[in-house]
Structure formats: structure tokens, C-alpha cells
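K.L.:
After the sequence you'll find the predicted model.
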Amino acid sequence: MMSQNKIPVFPETVPLSIEHREIIEQALEKRQPEVSEHNFTEIFMWKDSRQLSLSFMDNCFIISGKSGDAYFMHLPLGSEGVPSVIKKVLGYFRDKSIKCGLYALVPEEFEKFGVDSEEFIKEPLRDQFDYVYLRDDLARLEGRKYDGKRNLIKKFKEANSFSFEKITGANIEECIIFQEHWCKVRNCPDDLSLNEESTGVMEVLKNYSRLSCTGGALRIGGEIQGITVASRLNKDTALVHIEKANANYKGIYQVINNTFVTEMLDGFEFVNREQDVGVEGLRKAKLSYYPHHMVEKHMVYLR
């Protein structure tokens, strides 16, 4: 475990790395977050594309980054002093005429973390709202509203001889090869969003043994044709980070989703399947599974 003494005091920072996993996970465990970004694997996955770094101030860890020209900070991690740290960090950037927001705060946290006054601007981020489902709904797919999902799964099973297995050190290289092929087929280098996502997926797969993850791989004819990876967000909720498949097999995504939650996410009440990032097709797909609730994130700015 990395010593806290090696983490610089804000505004000095150090690039976020796998070495920070334990110290961040311990802080997150105390918070029991609802927001998908408040999870080390999720943070680690996007560390390069978001230029994430770590610092320390007033007994709080600060994760900050940059996306395009926009600067942001995550909710500081600490048992006390969080409201003061939020104001100090946002004020530091404001005084330098740099726009910086506190990312992904939910309305229920506004008062707790001291941003409920007129001194702060709160902007809803609909494209970043998390979709949260009852695990039993995804596993059982009961009722007429899931007729289409069950039908796709039935047809897939009738058409394909497949198996589903846990991702381990024995098959992780095959998972990496699958992701490389998935990206090649979709010309990831020509699409910034896909390329950043694929880079994050590869970071998770290549560091899989050092992350707190559970994953599954689907084989058809002996070859891996789909992978999915999740981790614990809080005591009741699993967070799905990755779900990739060869879409030439109709129904494969429905099978991976259903099999994974049934066989590997037993014991969780909820499954957070993250956001739709404003993509119409993805929003339609996520809504078609009838979320139990949404996690309504906001960006918070200091006036």
C-alpha cells in the first residue's frame, strides 16, 4: 500500500496509478457511494483519457483531471473537512480564471457537502445519469415487458453452442486478444470516444489481477466472443464497467448480461450499469431494461 506521505499537497499532484488502489478503496469503503465514478476501477479505467491525478489537503484525498479544455475534481475523500476542501480547490481554479467543476454530485449530497447555497451553481448532467437496476429483474427477466429479451436469449441458445466462465489469470490473455480484435473491427483509432474507451478497457484487463474485479467471458466454438467486468460500488450494488461482445451473434449482449448477473453477481440487490453518454441507441437500450432508479449527477461550480 502506498504511503499517504508520498501523495503531494494540493495544488501539487501526482498522476493516478494502480499503486493508489488500496488507499482510495479504503476511503471509498467508508463513504459507500452511489455514483459510478466513485469507484477505483472506474477511476483507473479513465485515468489516461481524463488526465487524472491525486493530491491531499486537510485530511482529504483529491482526484482531479481534465477532459478537453474542461477541468474537474471528484468529490474529495475524507471523513471530515470535505465542504471546506471543495471550496478551496474550486476557489483556487477560479482565482486563476480557470473553469473547474465538482463532478457527479447528487442532489441528496448538496447540503451535506456544503454546496446548497447560492454561492454554487448546480448543473444537471442528464447524459451522465447512472442507470440502476434490481439485480433480480436482470436475472429473472419476468413479465411481458421482458418478452423481447427472453426471446433473443432463447434464439441465441438454440443457434449457438456456448459456455460462460469466470475471467482468471488462465484466460485473461484471450480476453485481451478479443478486445484488440473488437477495437480493430470498429476502427477505434479513428473514433476518439471509442479509442479512449478501449484504452480504458485494456488498462483494466492488463491490470486485472491487481484490481478488485469480477469478470465473465462467453465462448462460442471455443473462442471468446464476449467479456464483461464488474466490481463492488457499495454493499448493495455491483457496478458493471465493461460489456463487449461480437455483435454478429444476435442476442449475445442479452445473454452476457443475463448470465453474468445470474451466475456472478448473486448477493447484490442492485446493478449499476452506468450512463448512456447521450447516445440515443444506448439510452434506448438501457431504458428497455427498466431501471429501478437513476443516479442524477450534477456538476457544481463556485460563482
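P.N.:
Cool, the structure landed. These numbers come from a predicted model, not from an experiment.

K.L.:
quick one: low-confidence ranges for the chain?
P.N.:
Along the chain, the model assigns pLDDT under 70 to residues 1-5.

K.L.:
report the longest strand in it, please.
P.N.:
If you go by DSSP state E, the chain has its longest strand at strand 223-234.

K.L.:
Show me where the stretch 201-303 of the chain has its strands.
P.N.:
Secondary structure of the stretch 201-303 of the chain by DSSP state E, counting those that start in this stretch: the strands cover 214-220, 223-234, 237-245, 270-272, 293-295, 298-302.

K.L.:
Give me the packing partners of the second one, helices and strands only.
P.N.:
Just to be clear, that refers to strand 223-234. Packing contacts for strand 223-234, counted by 3 or more C-beta pairs under 8 Å, 6 or more residues apart in numbering; DSSP states H and E, involve helix 40-45, helix 172-185, strand 214-220, strand 237-245, helix 252-264. Backbone N, C-alpha and C define where each C-beta goes, glycine included.

K.L.:
Switch these over to TSV; also include distance to Glu12.
P.N.:
Listed next are the helices and strands packed on strand 223-234 as TSV, based on distance: least, C-beta to C-beta, whole Å:
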stretch	distance to Glu12
helix 40-45	19
helix 172-185	35
strand 214-220	36
strand 237-245	30
helix 252-264	41
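
K.L.:
Pick out the residue closest to the middle of the chain.
P.N.:
Residue closest to the mean C-alpha point of the chain, counted by C-alpha atoms, centre = their mean, is Glu42 at 4.1 Å.

K.L.:
hang on, that one packs against Ile242?
P.N.:
No: judged on C-beta atoms under 8 Å, Glu42 makes no contact with Ile242 at a distance of 10.4 Å.

K.L.:
and the angle for the longest strand of the chain with strand 214-220?
P.N.:
Put simply, strand 223-234 runs at 160 degrees to strand 214-220, going by axes from the mean of the first three to the mean of the last three C-alpha atoms, to 10 degrees.

K.L.:
Strand 223-234: partners in the sheet, and parallel or antiparallel?
P.N.:
strand 214-220 (antiparallel), strand 237-245 (antiparallel) (DSSP bridges).

K.L.:
Nearest to Glu174 among those strands would be which one?
P.N.:
When those are compared by C-beta to C-beta, strand 214-220 sits nearest Glu174, at 7.3 Å.

K.L.:
can I get the CA coordinates of the closest one in PDB?
P.N.:
Taking C-alpha atoms only, strand 214-220 is exported to PDB below (Å, rounded to 0.1, in the frame of the first residue of the first chain):
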ATOM      1  CA  THR A 214     -15.200  -9.900 -11.100                       C
ATOM      2  CA  GLY A 215     -15.500 -10.800 -14.800                       C
ATOM      3  CA  GLY A 216     -17.100 -13.300 -17.100                       C
ATOM      4  CA  ALA A 217     -16.200 -14.500 -20.600                       C
ATOM      5  CA  LEU A 218     -18.500 -16.100 -23.200                       C
ATOM      6  CA  ARG A 219     -17.100 -18.700 -25.600                       C
ATOM      7  CA  ILE A 220     -18.700 -19.800 -28.800                       C
END
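
K.L.:
Could you tell me how many residues sit around the closest residue to Ser209 other than its chain neighbours?
P.N.:
Of all residues not flanking Ser209 in the chain, Gly169 sits nearest, at 6.2 Å (C-beta to C-beta, 6 or more residues apart in numbering). Neighbourhood size, Gly169 [other C-beta atoms under 10 Å]: 8.

K.L.:
these two touch, right, Gly169 and Gly215?
P.N.:
No: using C-beta under 8 Å, Gly169 is not in contact with Gly215; the gap is 11.6 Å.

K.L.:
Just the element for Val89, please.
P.N.:
Val89 is part of helix 82-95, with elements assigned from DSSP states H and E.

K.L.:
ok, and what's touching that helix?
P.N.:
Identification of contacts with helix 82-95 by C-beta atoms under 8 Å, 6 or more residues apart in numbering yields 10-11, 57-58, 60, 62, 64, 71, 73, 75-76, 78, 99-102, 113-115, 300-302.
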